[in-house]
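**Q** Pasting the sequence and the predicted model now:
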Amino acid sequence: MARDTTDFRPIEKMDELVGYLSAGNRPKEKWRIGTEHEKFPFYVDGNAPVPYGGDRGIRALLEGMQRVLGWEPIVDAGHIIGLVEPTGQGAISLEPGGQFELSGAPLETIHQTCREGNAHLAQLREIAEPLGIRFLGLGGSPKWTLAETPRMPKSRYDIMTAYMPKVGTKGLDMMYRTCTIQVNLDFSSEADMRRKMQVSLKLQPLATALFANSPFTEGRPNGLQSWRGDIWRDTDNQRSGLLEFCFSPEFGFADYVEWALDVPMYFLIREGRYYDVTHVTFRQFMDGVLRDTVPDGLPTMGDWANHLSTLFPDVRLKRFLEMRGADGGPWRRICALPAFWVGLLYDDEALDAAEAMTRDWSFAEVNAMRDTVPMEGLHTPFRNRVLREVARETLEISRLGLANRGRKNREGYDETSFLAPLDEVVARGTTSAEEMVRAYNTRWGGSIEPVFLEYAY
């Protein structure tokens, strides 16, 4: 999320919480594609992490980007922590360990998404190279320990850093040592949201396998293909993971609201100050428990929007759906991830086919897949076959959907070409994580350092 919301309208009844989500309904002609991607900054000299401060740090990088783009700074306690395009068409933000994130504009085609990503990386290089900084496209930090990883001066991250060890064993790794590519997609109605939520929840472990790209930790192989995927198995299971209630044929906005109400909050913002409220659920907040302990301690719509942004299920529902299963990766994957999901979810014929394929997949089966994929990747068994075969079928459905959309660029090519990196993974039968480990054991000579050359932007 680029910046936390301030919307001071008071919440007067529960129906308004459901109404907030249903306000995301929009006709098909207004559906858009919002792509987010994170990357690890590092100094070329020594492949060292980049701190926030100093003449060659993250702050200097943000200030340089502000000069180039003319975007407005996002400031927290006097520190610039991000930039936002003045009309809301995109933002740059920092993850806790300095991971640099572009939250892209809502665009109509994958062609536009790819141009946006390329423009962002070109602008970033213009500012970063004189500072001796480059960026790494991986799903997990391959070299630095948690202690060596910088910490960004963002108030919500201080609260999360103190809270995470209380609710899981890997929350700090998630915050400071992972990167993702994700896409935000629209729905037209509650029924359309339900179909897309159910299909994408069931297929999220497959996305983790296809994009598995985090096989190293602290300078050596970690035995996993998606360390990031494994981290999410024990980050904070009250607010993350696979949501069983979403598998119900009657699932709707109200069910998500009921779940969200009972998840502990992280913070409240009042007059620019962040208050730690991790001891309170949103339902308790609605019941007035903070009335006398926090200034203006009654809930607002801004509080609700912020709370929804601190929930981390594999598919997150806000006024759109966020696909959250993929590792960060090289630049071609910034286009491949939205192409994969747009093909499956934005065409009626493709969505029908994806729904038919996954209709009888049970929560237990998908959860078992989710548990196995971080280690086994496309070799994960599913029923009487392996996930590589499921991937081949799913990619054909996605290709159908993209072809049906018929969105062509100036050269006359449609969006199906953006699936090529995933086609290569399936044809090869090995993920990029497996290819990296093979290189580590052969031509890299047991060294992690070449990853900073071969997987840099």
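**A** Received, thanks.
**Q** by contact count, what packs against the strand or helix carrying residue 161?
**A** According to DSSP states H and E, residue 161 maps onto helix 155-167. Other helices and strands packing on helix 155-167, by 3 or more Cβ pairs under 8 Å, 6 or more residues apart in numbering; DSSP states H and E, are helix 171-177, strand 267-270, strand 273-276. (C-beta placed from N, C-alpha, C; glycine too.)
**Q** I'd like to know which of the ones you listed lies nearest to residue 368.
**A** Closest approach to residue 368 among the helices and strands packed on helix 155-167 (Cβ to Cβ): helix 171-177, 21.5 Å.
**Q** contact partners of the closest one?
**A** 95-97, 140-141, 144, 146, 149, 151, 157, 160-161, 163-165, 217, 228, 231-232, 235-236 (Cβ atoms under 8 Å, 6 or more residues apart in numbering).
**Q** Mind checking which of these land in strands?
**A** Applying DSSP state E to the contacts of helix 171-177, the entries found in strands are residue 217.
**Q** In ChimeraX, select just the buried ones from the contacts of helix 171-177.
**A** Restricted to buried positions by 16 or more other Cβ atoms under 10 Å, the ChimeraX selection for these reads:
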select :95,96,97,140,141,144,149,151,157,160,163,164,217,228,231,232,235,236
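**Q** so residue 62 touches residue 80, yeah?
**A** Yes: applying Cβ atoms under 8 Å as the test, residue 62 and residue 80 come out as touching, 5.1 Å apart.
**Q** which stretches of the stretch 51-200 of the chain form strands?
**A** According to DSSP state E, counting those that start in this stretch, the stretch 51-200 of the chain carries its strands in the segments 72-76, 79-84, 91-94, 100-103, 133-136, 181-185.
**Q** er, the stretch 351-457 of the chain actually
**A** Secondary structure of the stretch 351-457 of the chain by DSSP E, counting those that start in this stretch: the strands cover 381-382, 385-386.
**Q** So what are the sheet partners of the last one and their directions?
**A** The reference is to strand 385-386. Strand 385-386 has the following strand partners under DSSP bridges: strand 381-382 (antiparallel).
**Q** tell me the contacts of the most far-flung residue of the chain relative to its centre?
**A** Of all residues in the chain, residue 292 sits farthest from the chain's C-alpha centroid, using Cα atoms, centre = their mean; the distance is 35.8 Å. By Cβ under 8 Å, 6+ apart, the contact set of residue 292 is empty.
**Q** So it lies in a helix, does it not?
**A** No: counting by DSSP: H, G, I helix; E, B strand; the rest coil, residue 292 falls outside a helix, being coil.
**Q** In the longest helix seen in the chain, which residues are buried?
**A** Within the chain, and with DSSP state H defining each element, the longest helix by residue count is helix 190-210. Residues of helix 190-210 classed as buried: 192-210 (neighbour count, 16+ other Cβ under 10 Å).
**Q** for stretch 376-393, same thing?
**A** Buried residues in stretch 376-393, counted by 16+ other Cβ under 10 Å: 376, 377, 378, 379, 380, 382, 386, 387, 388, 390, 391.
**Q** what element comes up after the single longest strand found in the chain heading to the C-terminus?
**A** If you go by DSSP E, the chain has its longest strand at strand 33-43. Going down the chain from strand 33-43, the next helix or strand is strand 48-49, by DSSP H and E.
**Q** one step back: could you look over the helices and strands packed on helix 155-167 and pick the most buried one?
**A** Highest mean neighbour count of the helices and strands packed on helix 155-167: helix 171-177, a mean of 23 (counted as mean count of other Cβ atoms under 10 Å).
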